[in-house]
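J.: fold the stuff below for me.
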Amino acid sequence: MKAFAELYAEIDARTGTNVKLAAIVRYLHAAEPADAAWAVYFLAGGKPRQLVPTRLLREQARLAAGLPEWLFDESYQAVGDLAETIALLLPPPTAPDTEHGLAFWVEEYLLPLRGLPPEELTPRLLDIWARLDTHGRLVCGKLLTGSFRVGVSRLTVTRALAAVAGVEAKRVAERMVGYTAIDARPTAADYHALIAPDSQDAFNPRASGQPYPFFLAHPLALPEESDPGEQLGTTDSWLAEWKWDGIRAQLVKRDSKMWLWSRGEELITERFPELAAMGEALPDGTVIDGEIVIWRDDRVQPFALLQQRIGRKNLTAKLLQELPAALLAYDLLEWRYADLRQQPQRERRTQLESLVRAIAQPTLHLSPLVMGESWAELAALRSESRERGVEGLMLKERESRYGVGRTRSDGIWWKWKIEPYSVDAVLIYAQRGHGRRASLYTDFTFAVWDKSPDAPDRRLVPFAKAYSGLSDAEFRQLDTIIRKTTVEKFGPVRSVTPTQLFELGFEGIAPSTRHKSGVAVRFPRMLRWRRDKPISEADTLETLRALLPPELRIR
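T.: Below you'll find the model as predicted:
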């Protein structure tokens, strides 16, 4: 554990990707294979479920530190991270353990904690804290709460493994598919499979339901009114499709079995039984890349309805009838066990079209091509995205191969999204951030007016929280204003005098009975600080409701 905790501290303190890459390579070269297996799992984004209830963890840490509740809470608010607060406040270890590695700690100390009653958890927590130094306690705390994050990308981890193995990063990425599934228990054998020589390649999709690494698109950011042709050439070189707002997934059929994988490498077959049933019509050795959507009235429905399917553990017959799922297919990666990824996009598309026509399943639809002879025509069609319930256009090079991740070596895909929804909203609450932002107020709650400007008794109604979109300098300026205009404190939250107006952007909006405003928005962020307008000109609830898709408006 000590070596991994030191690696975490080194990565967390650095900003350069190459420096972080070198640190991971050094760790992997020195670590035992079982420890390296778990390290790769955590660094690449794997997270076991929460092992200890947060309330119990806080209370036992407070008692162990000998602090009154108010002082522990003040410390937590100042630090902004529970694991770091605990690591800093606990007394020095009494029986430091420098002998056992990460695998031993995870498998013998941490994972067995899940589900234990409080009377058994308490002595085990005290024993763990007695054996770890500050760095170890920090990592342990993040693992216990299921909040382990560190500033490295999956691509960086893949590159580190490739350097250790002496094979192409693309090959390692293929082997990594499914490695970070929730509650996976990676072993030394799994790690050896990741770094095996090409002659011992462990990636054999035919032997299992393993999907392929997803090929990801780059965002196409163009100046307003600019001609895409200046960057992309003529439209003849591209296939255009709608950018659907659903769940990216691969449907895998091998050896008379069917698997459905999300882009996050989560197996979701049981959540969409109608798609699993459709897979029975596919020949063995078929892998389709596409988007899971709710399909009703011969069209794609808003993402908010798909969220209702995602959140339900019990899929009743009524729910399946009211919210039927379908797969919009846009790529064919494997056909009768032949890997098609190195074929040009246009050829894979032709084979996909033939497949969808041949099996004629009501839950499998072909993602249609968007036809335009010029960029102006495509731009005009893109402007209709909101009415069509899509996010914009996907542009795929006709000759592109199906790559791994967000790379350009095999060709390129672009996502040409429409501008986000936006409203002007007033900042009314603020909370300190986390990590390096723990000393600043960076997490904000925004509100709009409940009535029109001429109403004498109108008030501000909260509807969204956002913490991104400003520069570091703007966050510091806003922090000063918040401290000067604080009206009340509610634990870590400050209520402020409404004086600051912001343009908020978001990707989607849906009705919500859980919010005072009656709406919920997806991925809100601050687009700009509206210092040019008074808060009286903020938008209203009526403005928000008018943005709801027609299918979701209350009739």
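J.: going by C-alpha atoms from here, please, whenever you check contacts or count neighbours.
T.: Noted.
J.: count the residues that sit near the nearest residue to residue 196 once chain neighbours are set aside.
T.: Nearest residue to residue 196, sequence neighbours excluded (CA to CA, 6 or more residues apart in numbering): residue 165, at 6.5 Å. Neighbour count for residue 165, taken as other CA atoms under 10 Å: 18.
J.: residue 165 is in contact with residue 193, isn't it?
T.: No. Counting by CA atoms under 8 Å, residue 165 does not reach residue 193; the two are 10.0 Å apart.
J.: quick one, what contacts residue 311?
T.: Going by CA atoms under 8 Å, 6 or more residues apart in numbering, residue 311 touches no other residue.
J.: what's the pLDDT at it?
T.: Residue 311 is assigned 72 on the pLDDT scale.
J.: ditto for residue 513
T.: At residue 513, the model reports a pLDDT of 83.
J.: start at 8 instead
T.: Got it, first residue is 8 now, which makes that one residue 520.
J.: next one: phi and psi at it?
T.: Reported as degrees, to the nearest 10, the phi and psi values for residue 520 are phi -90, psi -10.
J.: for it, which non-adjacent residue is spatially closest?
T.: That would be residue 526: by CA to CA, 6+ apart, it lies 7.5 Å from residue 520.
J.: if we can go back for a sec, any idea how far the residue nearest to residue 203 lies from residue 53?
T.: 21 Å (CA to CA, to the nearest Å).
J.: and if you look at residue 288?
T.: According to CA to CA, residue 288 stands 34 Å off from residue 53.
J.: so residue 349 sits right up against residue 416, yeah?
T.: No. Under the criterion of CA under 8 Å, residue 349 is not in contact with residue 416, lying 11.8 Å apart.
J.: please identify which of those two sits among more neighbours.
T.: Taking neighbours as other CA under 10 Å, residue 349 and residue 416 compare with residue 349 leading, 14 against 11.
J.: contacts only, for residue 495.
T.: Residue 495 touches 501, 502, 503, counting by CA under 8 Å, 6+ apart.
J.: coming back round to it: which pLDDT value belongs to the residue nearest to residue 203?
T.: Residue 172 is assigned 91 on the pLDDT scale.
J.: same question for residue 466.
T.: pLDDT at residue 466 comes out at 92.
J.: again with residue 233
T.: Model confidence at residue 233 (pLDDT) stands at 77.
J.: just residue 159 next, same as before
T.: 87.
J.: and it, that's in a helix?
T.: No. Judged by DSSP: H, G, I helix; E, B strand; the rest coil, residue 159 forms no part of a helix; its state is coil.
J.: now it: how far from residue 296?
T.: 27 Å.
J.: so which of these two has more stuff around it?
T.: residue 296 (25 against 19).
J.: after the one helix or strand that one maps to comes which helix or strand?
T.: Secondary structure from DSSP states H and E places residue 296 in strand 293-303. Sequence-wise, the next helix or strand downstream of strand 293-303 (DSSP H and E) is strand 306-307.
J.: strand partners (parallel or antiparallel) of that following strand?
T.: Paired strands of strand 306-307, with direction, are strand 293-303 (antiparallel) (DSSP bridges).
J.: would you mark the buried spots in the strand it pairs with?
T.: Buried positions in strand 293-303, judged by neighbour count with 16 or more other CA atoms under 10 Å: 293, 294, 295, 296, 297, 298, 299, 300, 301, 302.
J.: give me the helices and strands touching the strand or helix carrying residue 488, please.
T.: For residue 488, the element it lies in under DSSP H and E is helix 479-491. Judged by 3 or more CA pairs under 8 Å, 6 or more residues apart in numbering; DSSP states H and E, the packing partners of helix 479-491 are strand 448-456.
J.: alpha carbons of the strand it packs on, in CSV - could you do that?
T.: This file holds the C-alpha atoms of strand 448-456, laid out as CSV (Å, rounded to 0.1, in the frame of the first residue of the first chain):
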residue,chain,number,x,y,z
TYR,A,448,-16.2,29.1,-3.2
THR,A,449,-16.6,27.5,-6.6
ASP,A,450,-19.8,25.4,-6.4
PHE,A,451,-22.9,27.5,-7.0
THR,A,452,-26.7,27.3,-7.0
PHE,A,453,-28.5,29.4,-9.6
ALA,A,454,-32.1,30.6,-9.7
VAL,A,455,-34.5,32.2,-12.1
TRP,A,456,-37.6,34.4,-11.4
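J.: SS state for the closest residue to residue 148 other than its chain neighbours?
T.: The shortest distance from residue 148 to any non-neighbouring residue, by CA to CA, 6+ apart, is to residue 90 (4.5 Å). The local conformation at residue 90, judged by three-state DSSP, is helix.
J.: what number of residues lie near residue 90?
T.: 24.
J.: OK, contacts around it?
T.: 144, 145, 146, 147, 148, 149.
J.: am I right that residue 392 is in contact with residue 398?
T.: Yes. Residue 392 lies in contact with residue 398 (CA under 8 Å); the separation is 6.0 Å.
J.: please enumerate the shared neighbours of the two.
T.: Common neighbours of residue 392 and residue 398, counting by CA under 8 Å, 6+ apart, are residue 425.
J.: the more surrounded of the two?
T.: residue 398 (23 against 18).
J.: tell me if I'm right that that one and residue 252 touch.
T.: Yes. Counting by CA under 8 Å, residue 398 touches residue 252, with 6.4 Å between them.
J.: so what secondary structure elements neighbour the helix or strand where residue 512 lies?
T.: Taking DSSP H and E as the criterion, the element that holds residue 512 is strand 508-513. Judged by 3+ CA pairs under 8 Å, 6+ apart, strand 508-513 is in contact with strand 428-439, strand 532-536.
J.: thinking again about what came up before, so what touches the helix holding residue 488?
T.: Outside helix 479-491, the residues that touch it by CA under 8 Å, 6+ apart are 437, 447, 448, 449, 503.
J.: lowest-confidence entry in those residues?
T.: The lowest pLDDT within these belongs to residue 447, which sits at 86.
J.: give me the phi and psi for that one.
T.: With angles defined as degrees, to the nearest 10, residue 447 sits at phi -120, psi 150.
J.: now do the contacts for it.
T.: Residues counted as contacts of residue 447 (CA under 8 Å, 6+ apart) are 439, 440, 482, 483, 486.
J.: report the separation between it and residue 335.
T.: From residue 447 over to residue 335 (counting by CA to CA), the distance is 44 Å.
J.: so how many other residues sit close to residue 248?
T.: By the other CA under 10 Å criterion, the neighbourhood of residue 248 contains 18 residues.
J.: surely it is in contact with residue 397?
T.: No. Counting by CA under 8 Å, residue 397 is not a contact partner of residue 248; they are 10.3 Å apart.
J.: tell me where the stretch 358-507 of the chain has strands.
T.: Here the stretch 358-507 of the chain has its strands, by DSSP state E, counting those that start in this stretch, at 371-373, 399-404, 420-424, 428-439, 448-456, 467-473, 493-497, 500-503.
J.: what residues does the second one touch?
T.: Same thing as strand 399-404. Residues outside strand 399-404 that contact it (CA under 8 Å, 6+ apart) are 244-251, 352, 389-390, 392, 418-425.
J.: I'd say residue 339 and residue 296 touch.
T.: Yes. Residue 339 is within contact range of residue 296, at 6.2 Å (criterion: CA under 8 Å).
J.: how deep is residue 200 tucked in, by neighbour count?
T.: Neighbours of residue 200 (other CA under 10 Å): 17.
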